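Trainee: using only what follows, build the 3D model:
(4 chains, ligands or ions: 4)
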Amino acid sequence: MSGSITYLEAIREAQYDALRNDPAVFLYGQDIDTFGGAFKATKNLGKEFPGRVFDSPISEDAMVGLAIGAAIEGARPIVEMQFADFSSIGFNQIINQAATLYWRTETPCPLTIRLPSGGTAGSGPFHSQSMEAIYAHYPGLVILTPATVEDAYWMLLDSVELNDPVIFCEHKFLYYHLKAESIGERSLPIGKARIARPGRHATVVTYSAMVHDAIRAAEELQLDGYQIEVVDLRSVKPMDTDTILGSVARTGRLLAVGEAFPWGGVTAEVISRVASEGFHLLDAPPMRLNAKDTPIPYHPNLWKAHRPTVASIAGALRNLLRY
Amino acid sequence: MSGSITYLEAIREAQYDALRNDPAVFLYGQDIDTFGGAFKATKNLGKEFPGRVFDSPISEDAMVGLAIGAAIEGARPIVEMQFADFSSIGFNQIINQAATLYWRTETPCPLTIRLPSGGTAGSGPFHSQSMEAIYAHYPGLVILTPATVEDAYWMLLDSVELNDPVIFCEHKFLYYHLKAESIGERSLPIGKARIARPGRHATVVTYSAMVHDAIRAAEELQLDGYQIEVVDLRSVKPMDTDTILGSVARTGRLLAVGEAFPWGGVTAEVISRVASEGFHLLDAPPMRLNAKDTPIPYHPNLWKAHRPTVASIAGALRNLLRY
Amino acid sequence: MTIPPYFAKKKPVSASPVTTSSKRTSSVYSTDFQEQYLNALYYMRLSRMLEEKLGALYRAGGRIVGGVYLGKGQEAFAAAMGVQLRMGKDVYGPLIRDQAGRLAFGEPIIETLRTYLGAATGPMRGRDGNIHRGRPREGYMAMISHLGSLLSVVAGALFARRLKGTLGDSIGATSVGDGGTSTGAFHEGMNLAAVEKLPLIVSIANNQYAYSTPNTRQYACENLVDRAKGYGVHGEHIDATDLAACLTAFRGAAARAKAGEGPQIVVGTLLRLAGHGEHDDASYIPDKKRHTHEARDCIEVAAKFAMEQGWVSETALTTQMEEIRRLIDQTVAKVSKEPAPDPFKENWQALSTAGLVEGQNP
Amino acid sequence: MTIPPYFAKKKPVSASPVTTSSKRTSSVYSTDFQEQYLNALYYMRLSRMLEEKLGALYRAGGRIVGGVYLGKGQEAFAAAMGVQLRMGKDVYGPLIRDQAGRLAFGEPIIETLRTYLGAATGPMRGRDGNIHRGRPREGYMAMISHLGSLLSVVAGALFARRLKGTLGDSIGATSVGDGGTSTGAFHEGMNLAAVEKLPLIVSIANNQYAYSTPNTRQYACENLVDRAKGYGVHGEHIDATDLAACLTAFRGAAARAKAGEGPQIVVGTLLRLAGHGEHDDASYIPDKKRHTHEARDCIEVAAKFAMEQGWVSETALTTQMEEIRRLIDQTVAKVSKEPAPDPFKENWQALSTAGLVEGQNP
Ligand SMILES: Cc1ncc(C[n+]2csc(CCOP(=O)(O)OP(=O)(O)O)c2C)c(N)n1
Ligand SMILES: Cc1ncc(C[n+]2csc(CCOP(=O)(O)OP(=O)(O)O)c2C)c(N)n1
Ligand SMILES: [Mg+2]
Ligand SMILES: [Mg+2]
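Mentor: Numbering: from 1, shown residues only, chains lettered A, B, ... in the order given. Ligands and ions are numbered 1, 2, ... in the order given. Below you'll find the model as predicted:
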């Protein structure tokens, strides 16, 4: 893909615009001020918005706690986790403090936590995780997983405006690899899935970076004459069951793909919803494709075999279509 | 239920026997020595095994870390979390340190973490959680959810003998309410589900305390002439797909019930497996029944409405059978 | 200072203390101190009576929803902090032993009772309970159970105010027990508050036990106040059974926090004079501990001192106690008639954005 | 003391240092100290050369798998701890800047190179990488990325040994950076080790930055050693560019740990002389910092001191460096021929109990 703005730049732009639009917005995270963040998602923002971008100590629990306290007071913090994997240290504040606040006390908690997520070669078990399912299981959070430059920008801006805590799962592989001509107009609101590629023989429901692998697999199958529809969930919680069911109604076949671990998670939720609510739409057993059930390997040879790929998605689709 | 040994006593007995059988076993947790633990699951064990039962500081992260280090050295620690909900503080050590150790380094990690789990009236959002799905999502852990006195005893003993980290989810409601004549013989190994009640019109797959509610619902439906099979998962990871599929093959209908939050989790995993691997066994869309998607309410009026009950399980089954 | 209407601050009902004190103008204590002292004493006594009522209702069975965790013996320490705070202006994140502090901060007892008695009218509407109550939007934080995790939240509220330019001379205050200091959250929050130099008072009530666990299994330093230097903050250690000492320490801490000196730690030594909760007979506390200086009843000590100083008469105290009793009884009676939460009226929405809430189980 | 075969400890190759030292029997340093010093110096130089090789391979591209994080400038501090430890007897949990300590502990450089070059023969077999390597069953812990979380693990290993009665005079050691001290895991682990009075040395390498974050945004105390008192443990602060000071501190810490005095904190001040990783040019470190005392190259300082003391000659050092170069080049050549991990030979089992492993994706 070519063009003039990357997924990462869109995230930076969104933060720039959020800071500009609303004085209640501030950024808090490790190395995000002068250094601009480990991935440069906040490059120059400290300079452009003095006193509103803060380097934090290495204290994910307290970083989230601080942001919750600030959100209670009407601020709109964006917290950057250096890697999604380190949010495990902020886990308790996220699921028990932020997620329960509104329900317990009627106090809104407009907090956005950015999780640089997903696998890249050579990053290993602790810099590659996709934690959306962990957070989606707990009530009181919105879990977003943008797959496009447009969504990276607009969904982040929307997150900041939302009066609820948002776990914003950005995919690190897309940071530099995904480019677009421009950000484009806002197309869909949070909570709606997108037909990323129309088709009629089978539906792949997926999200984040896997959307692109699924599209490539679909292109591969097109050579065999199959038209594969790809649904980009965009938001894994809430999950847009209607759009998923609509697609399965057209195709009769469902493959759910995710790069996270196989037990539970987004793909299980997708399959369950369709099996329960769209059983008669299915012409074949619904299938799942996830990473393997081990930690994420460090060495690229193993890493590539651990996660779904264009080839394994295409393979799964062939099995599904053969049915 | 009546009898002479409670689920809680079985857990204490298992710890007693583990300590007696193997000098490598020790217990670590808050208030578990002289006080015998918040629920008395370690009552007198400190006295009976001097120097092997330790009161810990309020440091769940370090408690788990200590146990991992000890397990590396060949000890077989049992860590008691005062409530499952507080394991969120030990989350990182559990999913990233304990769960990855064997895979990363070929070093076994024989560690058992006891999580007093599940809802009881008046316990509120932070003393009622069922966290099995959170841990099951991560590779490298065994997640057990005993529903009977027998399983509470034998599965805990088995956990301690296992060379892998086990998350042992004990249900607090069963502690005092579930009694048996005696512990009974070991019947099934870890990893196998149990047909808790045979039937032929529909299958309820569930685990932990909900097994008993499901059985009661089944008894209610028996009055209408329906024979409901109840499968007790016993172990949610690994999950015994064969036994589940075997049951659905007999009944053609599936309801998965859990008291945890509705997004993802055990019930989604059950439905997904059956939909994928046993699609043609199903005569009706599979159904799920979980708690509502809010934190667990404090007041019993709300709490009862938040979670599945005998009545709501029976209601769901009626819908399923009507199909 | 605006006080939200449901929080109209109860004035002490003791018999005109200031008049009484005029007898002793030579006192080393300022009039202001004396006033705070008598305020604090009032809230201590109100707290004790209220908690005794809660304990009695709990033991009677059937009336109280959930557990009962009391602050008996910790009233001086809690109230001394509470009286430094101005509801509507300061941020307070109390913990389980802080009933006296909550009242001193301005919580009316009806809020306490509504929560414990499970009335739908209470601040948590049956969704969460008792010691977790709060009204975060009013700067009154609602603790979660996980110890230590409120510290960074209170810090964050102050941080936001400074950012917005509305901090002024507001301060924040929160509490933790000896056990709570062992949590990572305490450490991260304390360190972060120090780095951000926030006007936060952290009171550490060392009641010598965390549930049943004695200090010897909780920490290895001589005194928890030794932690202060490691965070680069001012720390003080006091006898928490002595209201005057507590007040002096918290007044100083509040003044320093307002003066921009950053977080303040106040460690108070005392003994929990109740079980961990009312279900607990605390038999693990050795008898000899119950006869130490730390086991003194801070309320008796404080009342005696006030009388010795001539700040209040025994008659006035008796009258005050009668008024307190009446207030409690009337409020219990009122709350008892209030409705319990109704699941059918519950919207079951964990998000404030209704449009993003998914369907629930039937 | 048994040393696992793959760990046969490399002896220093410096030209018979003990002989050289006999010239100066009046030295204030014991022969034992001198021997440790020269050992440490050897490992420091080996570490530096090895890391320079890794840096060069990284910059050349294509050879190194994953990131490269170096310990340049921290060799004295790391090696001084490492030489106190006995592989097979003590427990070591090193962190990212501890290459010199790892070598001093007894790791052969082939283990380092196999990991960085992604050979299947390395201790992590391609499953995890580089700085995470270890052999936990040999008391050589394999860190996870989450800072601070190894501390309690090392403590636990010591705890288990004490329980089994096999502790003897074993000690444990682990490291953390200035940034790592802000983690809850550091605090919980430190406090727990102190409560359990374990023979654990915790070295805090204050290299003034955590990635790009300066100390001023990390903590507010004057010196991190101020934390020691709050945990009730012995603490010492040293100039970490001075090998003799480092050795003195860690020798003392090890002796006290063995004597049952519980955990020991050693804080060393220095400057990271590299980027956070090799991808980072550390442009956020102001130039003037690079000309401070803390920015001295500890290896130059240590070599000069050793020569001044007459412990080693310049020729011997030159010879040593040549031997080090040869060792590294030979090992790189050997490892380069070793196979990369093969996904088809991978069993994909996260559990050691094969019977409980579920099927995987096709
Ligand atoms: C993180 C965490 N772990 C465990 C608990 C369970 N728990 C509740 S109160 C308590 C003891 C608290 O002791 P301390 O902090 O000294 O306060 P005190 O009760 O003495 O006032 C414990 C262990 C908890 N609330 N949070
Ligand atoms: C809990 C956690 N949060 C964030 C990170 C990301 N991270 C890796 S190294 C590093 C800086 C560490 O600084 P310091 O502890 O001072 O060690 P140094 O790199 O200076 O040796 C950070 C923030 C991490 N590894 N763990
Ligand atoms: Mg206490
Ligand atoms: Mg550093």
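Trainee: kindly format the C-alpha coordinates of the helix or strand containing A:P77 as PDB.
Mentor: Assigned by DSSP states H and E, A:P77 falls within strand A:76-80. Output of strand A:76-80 as PDB, limited to C-alpha atoms (Å, rounded to 0.1, in the frame of the first residue of the first chain):
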ATOM      1  CA  ARG A  76     -10.000  13.500  29.100                       C
ATOM      2  CA  PRO A  77      -6.700  11.700  29.400                       C
ATOM      3  CA  ILE A  78      -5.100   9.500  26.800                       C
ATOM      4  CA  VAL A  79      -2.800   7.000  28.400                       C
ATOM      5  CA  GLU A  80      -0.200   5.400  26.200                       C
END
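Trainee: does it reach chain D?
Mentor: No: taking C-beta under 8 Å from any C-beta of the partner chain as the criterion, strand A:76-80 and chain D are apart, separated by no less than 12.6 Å. All C-beta spots, glycine's among them, are computed from the backbone N, C-alpha and C.
Trainee: please, which helix or strand holds A:L255?
Mentor: Applying DSSP H and E, one finds A:L255 within strand A:254-257.
Trainee: distance from the chain centre to the strand holding A:P77, please.
Mentor: Once both centres are worked out by C-alpha atoms, centre = their mean, to the nearest Å, strand A:76-80 turns out to sit 16 Å from its chain's centre.
Trainee: which SSE is immediately downstream of that strand?
Mentor: helix A:91-92.
Trainee: longest helix in the chain, by number of residues?
Mentor: In the absence of a named chain, chain A is used. helix A:7-21 (DSSP state H).
Trainee: think we crossed wires, I meant chain C
Mentor: helix C:31-60.
Trainee: next, the buried residues of that helix.
Mentor: C:34-51, C:53-55, C:57-58 (16 or more other C-beta atoms under 10 Å in any protein chain shown).
Trainee: which residues of the stretch 101-250 of chain C lie near ligand 1?
Mentor: By C-beta under 6 Å from any ligand atom, the residues of the stretch 101-250 of chain C that approach ligand 1 are C:145-147, C:177-180, C:183, C:205, C:207, C:209-211.
Trainee: got the residues of chain C near ligand 3?
Mentor: For chain C, the contact set with ligand 3 under C-beta under 5 Å from the ion comprises C:G177, C:D178, C:N207, C:A210.
Trainee: keep only those of those that are also close to chain B.
Mentor: C:A210.
Trainee: next, see if the longest helix of chain C gets close to chain B.
Mentor: No: applying C-beta under 8 Å from any C-beta, one finds helix C:31-60 separated from chain B by no less than 11.3 Å.
Trainee: and that helix, what does it pack onto?
Mentor: For helix C:31-60, the contact count by 3 or more C-beta pairs under 8 Å, 6 or more residues apart in numbering or on different chains; DSSP states H and E identifies helix C:17-21, helix C:75-82, helix C:99-105, helix C:109-116, helix C:243-258, helix C:298-308, helix C:314-336 as packing neighbours.
Trainee: deepest of these, which one?
Mentor: Sort the helices and strands packed on helix C:31-60 by mean neighbour count, taking mean count of other C-beta atoms under 10 Å in any protein chain shown, and helix C:75-82 sits at the top with a mean of 34.
Trainee: what is the mean pLDDT for the helix or strand that that one is followed by?
Mentor: Per DSSP H and E, helix C:75-82 leads on to strand C:91-93 as the next helix or strand towards the C-terminus. What strand C:91-93 shows for mean pLDDT is 98.
Trainee: ok, and does strand C:91-93 reach over to chain B?
Mentor: No: residues of strand C:91-93 are not located near chain B by C-beta under 8 Å from any C-beta, the shortest gap being 15.6 Å.
Trainee: counting contacts, what elements does that strand pack onto?
Mentor: Using 3+ C-beta pairs under 8 Å, 6+ apart: strand C:91-93 touches helix C:99-105, helix C:151-164, strand C:172-177.
Trainee: reformat those as TSV; add distance to A:S87.
Mentor: What follows is those, written out as TSV (distance: least, C-beta to C-beta, whole Å):
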stretch	distance to A:S87
helix C:99-105	33
helix C:151-164	15
strand C:172-177	24
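Trainee: and those: which comes nearest D:N130?
Mentor: For the helices and strands packed on strand C:91-93, the distance to D:N130 is smallest for helix C:151-164, at 32.7 Å, taking C-beta to C-beta.
Trainee: residues touching C:T121, list them.
Mentor: C:R114, C:V335, C:E338, C:P339 (C-beta atoms under 8 Å, 6 or more residues apart in numbering or on different chains).
Trainee: what is the nearest of those to ligand 1?
Mentor: C:R114 (23.1 Å; C-beta to the nearest ligand atom).
Trainee: nearest residue to the closest one in space, please, no chain neighbours.
Mentor: C:G122 (3.2 Å; C-beta to C-beta, 6 or more residues apart in numbering or on different chains).
Trainee: quick check, the residue in chain A closest to ligand 1?
Mentor: Taking C-beta to the nearest ligand atom, chain A has A:N92 as its residue nearest ligand 1, at 7.9 Å.
Trainee: how close does the residue nearest to A:D283 when sequence neighbours are not counted sit to A:E269?
Mentor: In space, A:D283 comes closest to A:G252 once its chain neighbours are excluded; the distance is 3.5 Å by C-beta to C-beta, 6+ apart. Relative to A:E269, A:G252 is positioned 20 Å away (C-beta to C-beta, to the nearest Å).
Trainee: give me the more crowded residue out of the two.
Mentor: A:E269 (29 against 16; other C-beta atoms under 10 Å in any protein chain shown).
Trainee: residue contacts, that one?
Mentor: A:A133, A:A136, A:V236, A:M239, B:W263, B:G264, B:A268.
Trainee: C:A210 against C:V176, yeah?
Mentor: No: in this structure, C:A210 is not within contact of C:V176 by C-beta atoms under 8 Å, at 10.5 Å.
Trainee: now, the residues of the stretch 101-250 of chain C next to ligand 1 that are in strands?
Mentor: C:G177, C:A205, C:Y209, C:A210 (DSSP state E).
Trainee: count of neighbours near the closest residue in space to the last one that isn't next to it in sequence?
Mentor: Computed as C-beta to C-beta, 6+ apart, the closest residue to C:A210 that is not its neighbour in sequence is C:G179, at 2.5 Å. Residues lying near C:G179 (other C-beta under 10 Å) number 25.
Trainee: distance of the residue of chain A closest to ligand 1 from B:P57?
Mentor: From A:N92 to B:P57 the distance is 17 Å (C-beta to C-beta).
Trainee: ok, the two, which is more surrounded?
Mentor: Legend: neighbour count by other C-beta under 10 Å for A:N92 and B:P57, higher for A:N92 (33 against 25).
Trainee: what's the closest non-adjacent residue to the more buried one?
Mentor: Sequence neighbours aside, B:S88 is the residue nearest to A:N92 in space, at 4.0 Å (criterion: C-beta to C-beta, 6+ apart).
Trainee: quick one: contacts for the residue nearest to A:D283?
Mentor: So A:G252 contacts A:A202, A:L281, A:L282, A:D283, A:A284 (C-beta under 8 Å, 6+ apart).
Trainee: so where's the stretch 1-150 of chain A shaky on pLDDT?
Mentor: A:1-3 (pLDDT under 70).
Trainee: which parts of it are strands?
Mentor: Counting by DSSP state E, counting those that start in this stretch, one finds strands in the stretch 1-150 of chain A at the ranges A:5-6, A:25-29, A:53-55, A:76-80, A:112-117, A:142-144.
Trainee: other SSEs contacting the second one?
Mentor: Read that as strand A:25-29. Using 3+ C-beta pairs under 8 Å, 6+ apart, strand A:25-29 is in contact with helix A:7-21, strand A:53-55, helix A:60-72, strand A:76-80.
Trainee: just the fifth one next, same as before
Mentor: Based on contacts counted as 3+ C-beta pairs under 8 Å, 6+ apart, the elements that strand A:112-117 packs against are strand A:76-80, helix A:149-161, strand A:166-171, helix A:172-177.
Trainee: perfect, that will be all.
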